[in-house]
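1. sequence? don't have it. structure:
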């Protein structure tokens, strides 16, 4: 299968990419690593007139320390994010999720910002990024704005990025020393999760002082399991205590029904996977 | 048409290509490198795996224009001076194939895996080859071949 014909530009600065985007509007599509876009183009589910490749913009790559946060460049490949020392020290949950994302070849080529901008509700990065309270740095002709993770994901494959804007970086508040685990339930290898849970906890003296939980594929966007987080605070990191808190995991979710399972099955699965994820994150 | 220049299996090449041309098409149709095969055409099976700038990628899921300026190694570039690469040798020794269709991709991904993790456990090998499907389901000998190539004992 071969994509329909398109023109191609590979600008070397964000400004030039924005100019190309402004010139071509709806006829343009941005390509980051292309691991989600190219299958779509090959199946001809989308046929842009021009593809704007961000792959030559060096300033969009890399992870840097920014005081109370780390900043992950939108074009940083998954494999680089997962191995990055700053990510592993300050946002372990992201490293844990990246390990389970697709397969090695896709992790080499796919990018952190590309996957998040694609906003597939079954994608593995939305839940950890929401759980960690990240914010999204979006650049347009008028300058740069920052959008919280709670506001970034709008709907299925829809984000707060405007038609004339580009996601340049994701800012992740440091969660240094927090335990983390990404528990993914799949039917076969390297598939999209039926349900997955991203859990990160701060354990103090055997008790869970704070917890942050994100849910993958439990609605049209990645979700935050705030009821579980509240129920876990101050609880001992024991099986019974975590099981009781995890029973709230499906509250205020609207999971899809498909061939992998109906919504009720996913609601049940969310409570089980949340318990496993929290216990693993707490080291239990 | 867009002009691209890259290195493929050690040789400099330069061509005008349509932007929509996939890297695997470029390798096979323009350069005649048919050792890299197209399996599923949906980026699932990994049969088309090559190395781009030192890491494994699925060449059906990369545009040729994205590889401009890059360095590509295919299964045809692994052997040096008539000597099979140790991973190729191990696949032969352990009979890590049945029909052979997935073999180019399996070998290219195994080389990448061993570069990052020279002594992988059996589980790490299976996870590392997660993106490569063998339609004969001949995974056991493939895992044994990677163990053999890494100089470790082979699972019986």
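-> Alright, I've got the coordinates. For clarity, every value in this text was computed on a predicted model and none was experimentally measured.

2. show the average pLDDT along stretch A:133-153.
-> Stretch A:133-153 comes out with an average pLDDT of 97.

3. which of the residues in it are buried?
-> For stretch A:133-153, burial by neighbour count (16 or more other CB atoms under 10 Å in any protein chain shown) applies to A:133-140, A:147, A:149, A:152-153. From N, CA and C alone the C-beta is placed, and that goes for glycine too.

4. ditto for stretch B:147-156
-> Here stretch B:147-156 shows B:147-150, B:154 as buried, counting by 16+ other CB under 10 Å.

5. of the buried residues of stretch A:133-153, which belong to helices?
-> Members of these lying in helices (criterion: DSSP state H): A:149, A:152.

6. which pair in the buried residues of stretch A:133-153 spans the largest distance?
-> A:133 and A:140 (23.4 Å; CB to CB).

7. show me the shaky parts of chain B.
-> Residues of chain B meeting the criterion pLDDT under 70: none.

8. does residue A:136 touch residue A:147 like I think?
-> Yes: using CB atoms under 8 Å, residue A:136 is in contact with residue A:147, at 4.7 Å.

9. joint contacts of the two?
-> residue A:160 (CB atoms under 8 Å, 6 or more residues apart in numbering or on different chains).

10. ramachandran coordinates for the residue lying closest to residue A:247 once chain neighbours are set aside?
-> Closest residue in space to residue A:247, ignoring its immediate chain neighbours: residue A:271 at 5.5 Å, by CB to CB, 6 or more residues apart in numbering or on different chains. When read as degrees, to the nearest 10, the backbone of residue A:271 gives phi -70, psi -40.

11. the helix or strand residue A:94 falls within near chain B anywhere?
-> Per DSSP states H and E, residue A:94 falls inside helix A:92-99. No: with CB under 8 Å from any CB of the partner chain as the measure, helix A:92-99 is seen stopping short of chain B, the closest distance being 8.8 Å.

12. can you give me the helices in the chain?
-> Here I'm looking at chain A. A:14-24, A:37-42, A:78-83, A:85-90, A:92-99, A:104-109, A:112-118, A:126-131, A:149-152, A:226-232, A:239-246, A:263-281.

13. ah, I was thinking of chain B
-> So, for chain B - with DSSP H - the helices run B:23-25, B:86-93, B:103-116, B:122-128, B:139-149.

14. may I see those organised as a markdown table, with distance to chain A added?
-> A markdown table is the format used below for those (distance: least, CB to the nearest CB, whole Å):
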| stretch | distance to chain A |
| --- | --- |
| helix B:23-25 | 7 |
| helix B:86-93 | 15 |
| helix B:103-116 | 7 |
| helix B:122-128 | 6 |
| helix B:139-149 | 10 |
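
15. determine which of those approaches residue A:4 most closely.
-> Ranking these by proximity to residue A:4 (CB to CB) places helix B:23-25 first, at 14.7 Å.

16. closest point of the stretch 101-250 of chain A to chain B, which residue?
-> residue A:103 (2.7 Å; CB to the nearest CB).

17. check the burial of that residue by counting its neighbours.
-> By other CB atoms under 10 Å in any protein chain shown, the residues close to residue A:103 number 22.

18. I'd say it and residue B:130 touch.
-> Yes: between residue A:103 and residue B:130 there is a contact under CB under 8 Å: 4.6 Å.

19. backbone dihedrals for whichever residue of chain B sits closest to chain A, both of them.
-> Nearest residue of chain B to chain A: residue B:131, at 2.7 Å (CB to the nearest CB). Residue B:131 adopts backbone torsions of phi -90, psi 10, taken as degrees, to the nearest 10.
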